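**Student:** have a look; sequence and predicted model below, questions after that.
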Amino acid sequence: MSTHHIDVRYVAELARLELTEEECEQFQPQLDAILSYAESLSQLDLEGIEPMAHPVPVHDVMRDDLPHTSLDRDAVLANAPDQAQSQIRVPKVIADA
């Protein structure tokens, strides 16, 4: 068992989640198991292994029929439904305070 312990109720409060007592009792062993697994990973010998940002290689996902250069600004603006001063206009999504 891990020596680390995270209180489920505290984490739920930080996340602004309302959990019942039964849910806290259900999630506590699960969280403890996750911490125990993470601790077991720290004991692995990783000598000579390079750090990675992703577990699998990430490749460019551009379509084959598109040029691999930045988009032409004029072409983008020409297809925009609404524009002003060489910028794309979008609807307002936040009301005035």
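**Tutor:** Thanks, I have it. Everything numeric in this text was worked out from a predicted model, so none of it was measured. Numbering: from 1, shown residues only.
**Student:** helices or strands up against the lowest-mean-pLDDT helix or strand in the chain?
**Tutor:** With mean pLDDT, DSSP states H and E as the measure, the helix or strand of the chain carrying the lowest mean pLDDT is helix 73-79 (a mean of 79). Helix 73-79 sits against no helix or strand, with contacts defined as 3 or more C-beta pairs under 8 Å, 6 or more residues apart in numbering; DSSP states H and E. Glycine gets a C-beta too; all of them are placed from N, C-alpha and C.
**Student:** past that helix, which element shows up next along the chain?
**Tutor:** Going down the chain from helix 73-79, the next helix or strand is strand 83-84, by DSSP states H and E.
**Student:** so what strands line up beside that next one?
**Tutor:** Within its sheet, strand 83-84 is paired with strand 87-88 (antiparallel), according to DSSP bridges.
**Student:** what does the partner strand rub up against?
**Tutor:** Val76, Leu77, Ala80, Asp82 (C-beta atoms under 8 Å, 6 or more residues apart in numbering).
**Student:** among those residues, name the buried ones.
**Tutor:** Buried by 16 or more other C-beta atoms under 10 Å: nothing, out of these.
**Student:** rewinding a little: list the buried residues of the least confident helix or strand of the chain.
**Tutor:** Neighbour counts over helix 73-79 (16+ other C-beta under 10 Å) mark no residue as buried.
**Student:** residues contacting it, please?
**Tutor:** Residues outside helix 73-79 that contact it (C-beta under 8 Å, 6+ apart): Gln83, Ser86, Ile88.
**Student:** ok, now with 6 Å
**Tutor:** Gln83 (C-beta atoms under 6 Å, 6 or more residues apart in numbering).
**Student:** send me that helix as CSV with only the CA atoms.
**Tutor:** Taking Å, rounded to 0.1, in the frame of the first residue of the first chain, the C-alpha atoms of helix 73-79 are listed here in CSV:
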residue,chain,number,x,y,z
ARG,A,73,-4.3,34.8,-45.7
ASP,A,74,-6.3,36.2,-48.6
ALA,A,75,-7.8,32.7,-49.3
VAL,A,76,-8.9,32.3,-45.7
LEU,A,77,-10.5,35.8,-45.6
ALA,A,78,-12.2,35.2,-49.0
ASN,A,79,-13.9,32.1,-47.4
